[in-house]
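Visitor: here's a sequence, model it:
(chains A and B)
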Amino acid sequence: MSDRTTSVDYVPTSEPYDAELAELERTYEPHANPFWAWVTSVDHKSIGKRYIITCFVFFILAGLNAGVMRLQLARPENHIVGPDRYNQLFTVHGTAMMFLFAVPVMTAFATYLVPLMVGTKEVAYPRLNAFGYWTFLIGGVFLFAGLYTNTGPDAGWFAYTPLSGPEYSPGKRVDIWAQVVTFTEIAALVAAVEMIVTILKMRAPGMSLNRIPLYVWSILVVSFMIVFAMPSVAIASTAMLAMDRLVATHFFNRAEGGDPLLWQHLYWFFGHPEVYIMFIPGLGFVSQIVETFTQRRVFGYPVMVLSLFVTGFVAFGLWVHHMFATPIPQLGRTLFTAASVLIAVPSGIQIFCWIATIWAGRPRYATPMLFALGFIAVFTIGGLTGVMIASVPFDLQVHDTYFVVAHFHYVILGGVVFPLFGACYYWFPKITGRMLSETLGKWHFWLFFVGVNVTFFPMHLLGLDGMPRRVYTYLPEMGWGNLNLIATMGAVTIVASVAVFLVNVAKSSVAGVVAGDDPWGASGLEWATSSPPPAWNFHPLPVVTSRAPLWEEGGEMPVATGLATDRREVLITTALDAVPDNRHEHPGESHWPLVMAIAVGVTFIGAVWNPWAYVVGFVISAVAFAGWGWPRGTKPEDQVTTGRLPSAEAR
Amino acid sequence: MKREPRSVIDLRPLPDVVFGPRDIMWWGMLGFVVIEGFTLVLCAAAYIYLTQNFTTWPPEHTPLPSLRAPTIQVLVMLASIPVVWWLAKAARRYDLGKVRIGLIVATLFNAAFVGIRLVELLVSLNVKWDTNAYASAQWLLLVMHGTLLAVELVEVGGMMLIFWLAPVEEKHFSDVSDMTFYWAFMVLAWMPLYVLCFWVPRWLQ
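Guide: Sure thing, here's the model as predicted:
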């Protein structure tokens, strides 16, 4: 960086600066029609916000499924829903919570936050980002459209073959599931590439690897995991299961040499890393929150980063522990047991680092911090039962019982939802410019904390008592009635807590206390810009000289100037040391990402009924691709008219 | 306390068109190469997994795939490598004339790949996908890789049309360079899969 470092007189309140801001306003000006502006927006903040809201809508819809299931199970021999509807309810609940909420909501937050946290103006590929969102939306709507028309998938969220195959699941329910998975995989993969390149190539000058915020590290690790995990379920569901059902291939048909266990391998090779893909960003949230609310840098930064990487690697060596009840060789069982126990180590290290940070800092128990502490408690319980079921003999006893249901809800609610709610309270002021109510926030936290434990703790006992998961009712003689009733009361408490949250969001969005740029006294770059940030995030770009840039005392704030304001120019820096390397012009608003997503939608939704949809969809996609890529509005100075450029050799 | 900003870096001297790993479009391409490459690896793993269910591969009464069209495919693919290498070099020199010609040749090559792939599927495999798990696995590999060929045909063809019909910008030369990188992946990824689909069945007979 030093060779390019110059000292330029720069006065942020001067006339030329105001002229630059006015020009940026023009450059980033959205379409005059608000609806068309919304449709064509490629701003990562706009896409991030709608992504977050969409995920929460799916969370609520999937939560309502759970509510009906809990009412059904509140007492023995209940008849609120029958077995067929119940199968659809739990399948869509699990599918939506995993594919439409827990993973994508992390993508959604990352889409909003990462460019701000690394100090850049945009994500790496804004149009691709918009395309990912639209694809996700179409997939999610398709799933719930299936449920509400009594065509909801009903073979469980992991759709085991042969149950999900053509012989045992006729009709179109499982086909909808298979294609919904495809939509969400496309969205997740697109976002992962987006994040990897944004983080590696678009960081503010000076933000070398050892200065990246821990949340951004968590997103980098998760994005790499998505790249290697998602293809597995994509081929299993789209290329194999859907084809077995649609055109009679035999991948999972034992009679013709196929293998149902192949499904389980491919599914869990994705499915287990998926658990970590969900909660590693949660770990990132907690690190940011703990740092701010103790006003102390997180203890053991290098160890924290290494723990994230170790978790990411080992996560790919655990998938067989979901298959201990299948004929797996003894050596395999031992290996996967060892790996399952091993992965507790990096998670434990992080928990001790947070405790050390809180111990040494001056903790302030605002709502985000309460959720971070709630995470530590609930997630630790989920982690400990995880170590228990990593043991083959124990796993065989509780396999497919409510003990497992209790375990993974503790992990997911603890590891994903607690940090997520904390993140909502923490970054809401940045996103909207207003604070959420602390009073309602504390009500929300305590109701949620109590609700989660009252709902899911009894399920451990039910599981140990032999209650199988996925039963729509049970006999009074089983003696499971009281614990189920308690669990249902807990679920009602969770519903109340989420209602408090929604009221808080609605109320505070219009009447909350005005936040200012940095209401929490935090250290990261996202707090260096206004709340909410302008379309271009930063002008001029910040230059980073430490891991906590906003906690630097005194002197002047170093910035980088010189990016064009008459076009959407971003700075590309080197991957390791974030040295400025080149300027890149980003595209503006476009409706083509939506058109492309619709083309993809036609393809995969059509393929539920007819294989020729792939051919038709390919043609439509090709047209959309041409519309997307065709140059428009080329500036005369950018055009190459003839032959070899005189300056080419110099480049 | 808010600190006053002071400019320490002037970004104006930086280039606005770069090639290869300095360009973020190259990184995006790399991302999709990794995803698609790993998808093919998983398909190959599934293929190998399914061989365990049979005493011979292909199973009894299932004909072996023929070699002629697949081998021609491999030769045509390898022959395209020097052409796209030449195209990449022309793009880096901003040589509009050579890039235009190179893109036509590349489009023709890519169309040939897709055409031969259809022959491989419909003629060379000698089985329909619904015959047994062996047939399904063969179709899986050929179709998955064939999808890459078809998508790349759209990209190369589109690029060719832009260079002939639309206002060409400097950044488009960098895009051509990235496209040749993807091309190398697409062709080289097929080589082990060719062996797996068309030679391994001969060895596991």
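Visitor: point to the helix or strand of chain A where mean pLDDT is at its lowest.
Guide: Using mean pLDDT, DSSP states H and E, strand A:5-8 stands out as the lowest-scoring helix or strand of chain A, at a mean of 40.
Visitor: how near is the residue most central in space within chain B to residue B:117?
Guide: Nearest to the geometric centre of chain B sits residue B:186, at 2.2 Å (CA atoms, centre = their mean). Residue B:186 sits 12 Å away from residue B:117, going by CB to CB, to the nearest Å. The way it works is simple: take the backbone N, C-alpha and C, and place the C-beta from them, glycine included.
Visitor: tell me the strands beside the helix or strand bottoming out on mean pLDDT in chain B, with direction?
Guide: Lowest by mean pLDDT, DSSP H and E among the helices and strands of chain B is strand B:4-10, with a mean of 88. Strand pairing for strand B:4-10, using DSSP bridges, gives strand A:5-8 (antiparallel), strand A:556-561 (parallel).
Visitor: which residues does the longest one contact?
Guide: It stands for strand A:556-561. Applying CB atoms under 8 Å, 6 or more residues apart in numbering or on different chains, the external contacts of strand A:556-561 come out as A:8, A:10, A:204-206, A:528, A:540-543, A:545, A:571, A:580, B:2-11.
Visitor: pull the CA atoms of it into CSV?
Guide: Taking C-alpha atoms only, strand A:556-561 is exported to CSV below (Å, rounded to 0.1, in the frame of the first residue of the first chain):
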residue,chain,number,x,y,z
GLU,A,556,-7.7,11.9,11.8
MET,A,557,-9.7,9.2,10.1
PRO,A,558,-7.7,7.9,7.1
VAL,A,559,-9.8,7.6,3.9
ALA,A,560,-9.2,6.7,0.3
THR,A,561,-10.4,9.1,-2.5
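Visitor: quick check, distance from it to the centre of its chain.
Guide: 33 Å (CA atoms, centre = their mean, to the nearest Å).
Visitor: what angle do the helix or strand just after that strand and strand A:556-561 make?
Guide: Going down the chain from strand A:556-561, the next helix or strand is strand A:569-573, by DSSP states H and E. Here the directions of strand A:569-573 and strand A:556-561 differ by 110 degrees (axes from the mean of the first three to the mean of the last three CA atoms, to 10 degrees).
Visitor: where are the low-confidence patches of the stretch 451-600 of chain A?
Guide: The model of the stretch 451-600 of chain A has pLDDT under 70 over residues A:554.
Visitor: the residue minimising distance to the centre of chain A: which element?
Guide: The centre of chain A sits closest to residue A:106, judged by CA atoms, centre = their mean, with a distance of 2.3 Å. Taking DSSP H and E as the criterion, residue A:106 maps to helix A:103-117.
Visitor: output the contacting helices and strands for that helix.
Guide: If contacts are counted by 3 or more CB pairs under 8 Å, 6 or more residues apart in numbering or on different chains; DSSP states H and E, helix A:103-117 sits against helix A:44-73, helix A:126-148, helix A:173-201, helix A:214-234, helix A:260-294, helix A:418-432.
Visitor: residue contacts, residue B:167?
Guide: Counted by CB under 8 Å, 6+ apart, residue B:167 has contacts A:631, A:634, A:639.
Visitor: wait, what's in contact with whatever residue of the stretch 51-200 of chain A ends up closest to chain B?
Guide: In the stretch 51-200 of chain A, no residue comes nearer to chain B than residue A:193, which is 3.5 Å away by CB to the nearest CB. If you count contacts by CB under 8 Å, 6+ apart, residue A:193 has them with A:124-125, A:128, A:223, A:227, B:28, B:31-32, B:35.
Visitor: could you dump those residues to TSV with pLDDT, neighbour count and distance to residue A:287?
Guide: Compiled in TSV, the contacts of residue A:193 are given as follows (pLDDT from 0 to 100; neighbours: other CB atoms under 10 Å in any protein chain shown; distance: CB to CB, whole Å):
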residue	pLDDT	neighbour count	distance to residue A:287
A:124	96	28	24
A:125	96	23	27
A:128	96	18	28
A:223	97	28	17
A:227	97	19	23
B:28	95	20	28
B:31	96	22	26
B:32	94	17	30
B:35	97	20	28
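Visitor: before I go, just wanted to say thanks for your time.
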